[in-house]
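> What would the 3D arrangement of this be:
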Amino acid sequence: MNRLRNRTAASRAWTGIAAAAIITMVIGIGAADAQASDTSWTVVPSPNATLPGGNIQSVSCSAPKACTAVGTSLDTSGIYVTLAERWDGTSWQQQAPPNPAGNTSQSVAPDLLGVSCPTPKFCAAVGQYIDSDGIQVSMADTWDGSTWIAQPFPVPPDSDGAGLSAVSCTSPRFCEAVGTYSDNTAFTNLTLAASWNGSSWSLQPTPDTGGFNFEQFNTVSCVSPNFCEAWASGNPANPGITLAERWDGSVWQLQSAPSDATVSSVSCVTQTFCEAVGTGPAYAWNGSSWTPQTIPNPAGSGTLGGVSCPAATFCEAVGESGVNGGVVGAAAVWNGSAWSSQTTPKPDGAFTNLNAVSCPTADSCEAGGYFEVVVTANDPQALALAWTGSTWQLQSAVTPAGAAFNALSSVSCVSASFCEAVGRHFDSAGDQVSLMENWDGQSWVIQASPQGSPSPPTSVSCVSAQFCEAVGAGPFAYVWNGTSWQVQTRPGAPAVSSQEVSCATVDFCMSADGFDQFQIWDGSSWSSAPAAPGFSVVTSISCPSASFCEVAAQGPSGQNAAAWDGTSWTGQIAPVGLAAVSCTSATSCEGVGRTMGQNGQPIPTAESWDGSGWTSQPVPDPSPTRESQLTAVSCMSSTSCTAVGSVDSFGSPGTLVEVWDGTAWTLRSAPDPSAAGNLLDAVSCGASQVCTAVGEAPDAGLVGSTLIESGD
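Next up, the predicted model:
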């Protein structure tokens, strides 16, 4: 039976760790392994709750029932991957665009930023990613009606990185792609353009302004192989001169453009009509010059990221605008003589951003972008809208499953075929919610959380496969009846972040919190129990019977533990503070924690209770130069206990496992699946010789994920 632990470090949020810290941790673990037993622990695969995601960066329609949208998404491993989806007139369906080789870390970040589909069976998509040397690399893909294919893209001479931002195709045999590259001669970024001839890409010279101005093409639109318009500027971090350039079939030529213009998107119908939008006014091309146009608010007060004109008398522009302290999608329509703002729908409780739009006809447009929950700014979810000729309507864009923060804080096993683990994850609203997982002897499976569960559980205790109790912050408990989890209430339980529970039978459980308040389950309801006078912090509780419970706590004058005799609490003198305790009887308990070593570094500690007093035990220190602690313990008998904890190095923890055999504590080899840190927060040895420990570790994308390990 599991007798659990304290967990404060479980609330740690994962972030990237400096390379030096990672190296130190890896070297240190090797030193610990040299002292460890040959018996090793192993990682057990465990599921994670996911979030819908996606960000549509560009969309192109060859017909009302043939549109393609591209962008990026965060996959279930926390890695950014390319996103492509196809509209067939009825629904959006996900496609499989290629990703760069070696896309195994978040830093690669491939992103498709532009797409153009001149026919239903051909599209070209462009973007960029970061290679293993930290260099930006252009990415260009084509779609042949059934498959996306990565195409080689030439590297500008004497360059140190390049990326593509937009593409425009007039047929499968002609496309223009634009972006920027880092020029090693000018020591700045310059405009980049290339043409597609149906089989390969070729670089084209582009004029620049000279000097050290940061220049990048943002957008391009072509009406034929002999006419394209492109706009360039800097970016917020690197302001540059605004440029407008025209392709005449042979060369790119500079045009006269307003110096204060900021253009994100351009759309051309003929050589004598184009519209360009961005921040501020729109700009119209009449064949000889660009002229500013007013866009009324609210669209005019925001940023428009996309424009599409199927005719000189109709254009749609989309973007974002600030309204009432939030951000909403913005749209504006051109009727041949003036712009007017439009209203766009949005998901409830979200702010929205529209990045792109494509209109094959005046009564059929598709717009794409993303939305997020206003109160939490959680990960983006793909957003698609349709223009029907009179209104904008929400559509169900493909929102691929993506990574979400997950962590397990407690586990209880009653046999080799039944364990319950509890913790928390973030939902689509950005709130922390309950995570319940079950082991059936073969695999771990996420269970349905109790309806109306107000707070994630921090501790769980099971007496059989048909009865478990879990507690969390506030006056709530959750009971497992063998089929489902249900919510209960506990009178007097405060809203603190960490609470503990231990069950001896289906008719007796005791819960404790960090403020010396206790509650008892009698088989039918929870009621308040007497406090332990003078104790201010309770970190762990273990109840082998209704007439005996032990708590690790902070009390007066060295009283670091207290015992329950069925009626009241009695303080006990313990040599050092304990983080966790596990008892198999009133005369046999093990407590673990940490104390300060001779060099001032925290080291793991353990103590035993024999019914009359606590006695310190020698515990191996895995590393004299790093902080070490034991945070959880589970005992099957007085001669069989397992404790888990962490070995820390510059904020990057590694797992720690030690085993008591009745005579001595011995180190075990425990795996560290992530180089960026690992935590074991709880352990349970159930009714078998195998122990299970749970916690959290960052996944490949440095997003917190569940960690489960098992061993002797």
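> Can you read off the pLDDT for Asp208?
At Asp208, the model reports a pLDDT of 79.
> Any chance of the backbone angles for it?
For Asp208, the backbone dihedrals are phi -130, psi 170 (criterion: degrees, to the nearest 10).
> ok, the helix or strand containing Val479: who's next to it in the sheet?
Using DSSP states H and E, the element containing Val479 is strand 476-480. In the sheet, strand 476-480 lines up against strand 467-472 (antiparallel), strand 485-489 (antiparallel) (DSSP bridges).
> wait, which of these is closest to Ser364?
Proximity to Ser364 (Cβ to Cβ) singles out strand 485-489 among those, at 47.6 Å. Using the backbone N, CA and C atoms, a C-beta is placed for each residue, glycine as well.
> Touching the closest one from outside, list them.
Outside of strand 485-489, the residues within contact range by Cβ atoms under 8 Å, 6 or more residues apart in numbering are 436, 447-454, 470, 475-479, 525-526.
> Next: stretch 194-202.
So stretch 194-202 is contacted by 124, 140, 151-154, 169, 172-178, 203-204 (Cβ under 8 Å, 6+ apart).
> low-scoring stretches of this structure, by residue?
1-39, 210-212, 234-240, 323-326, 374-378, 452, 493-498, 649-651, 687-688 (pLDDT under 70).
> At which residues are the helices of the stretch 201-350 of the chain located?
Ranges of helices in the stretch 201-350 of the chain, per DSSP state H, counting those that start in this stretch: none exist.
> actually the chain, not the one I wrote
Per DSSP state H, the chain carries helices over the ranges 19-35.
> thinking again about what came up before, from the contacts of stretch 194-202, list the buried ones, please.
Buried members of those, counted by 16 or more other Cβ atoms under 10 Å: 124, 140, 151, 153, 169, 172, 174-178, 203-204.
> ok, so what distance separates the residue lying closest to Ser453 once chain neighbours are set aside from Ala697?
Take Ser453 and drop its neighbours on the chain: the residue closest to it by Cβ to Cβ, 6 or more residues apart in numbering is Ser434, 4.7 Å away. Using Cβ to Cβ, to the nearest Å, Ser434 is found at 20 Å from Ala697.
> now swap in Ala477 and tell me
28 Å.
> Equivalent analysis for Pro653, please.
From Pro653 over to Ala697 (counting by Cβ to Cβ), the distance is 9 Å.
> list the residues that contact both of those two?
677-679.
> What is the nearest of those residues to Ser461?
Leu679 (20.6 Å).
> re earlier: out of the contacts of stretch 194-202, list just those in strands.
In strands, judged by DSSP state E, the following of the contacts of stretch 194-202 are found: 124, 140, 151, 169, 174-178, 203-204.
> Farthest-apart pair in those residues, please.
Cys169 and Leu203 (17.3 Å).
> hang on, the earlier thing: which one of the buried ones among the contacts of stretch 194-202 is nearest Leu243?
Distance to Leu243, by Cβ to Cβ, is smallest for Val178 among the buried ones among the contacts of stretch 194-202, at 11.1 Å.
> about what we covered before: outside of the strand holding Val479, which residues touch it?
420, 422, 434, 436, 450, 453-455, 457, 462, 466-472, 485-490, 493, 501, 511, 521, 526.
> residues near Pro624, how many?
Counted with other Cβ atoms under 10 Å, the neighbours of Pro624 add up to 12.
> Not counting sequence-adjacent ones, nearest residue to it?
Excluding its sequence neighbours, the residue lying closest to Pro624 (Cβ to Cβ, 6+ apart) is Asn599, at 6.3 Å.
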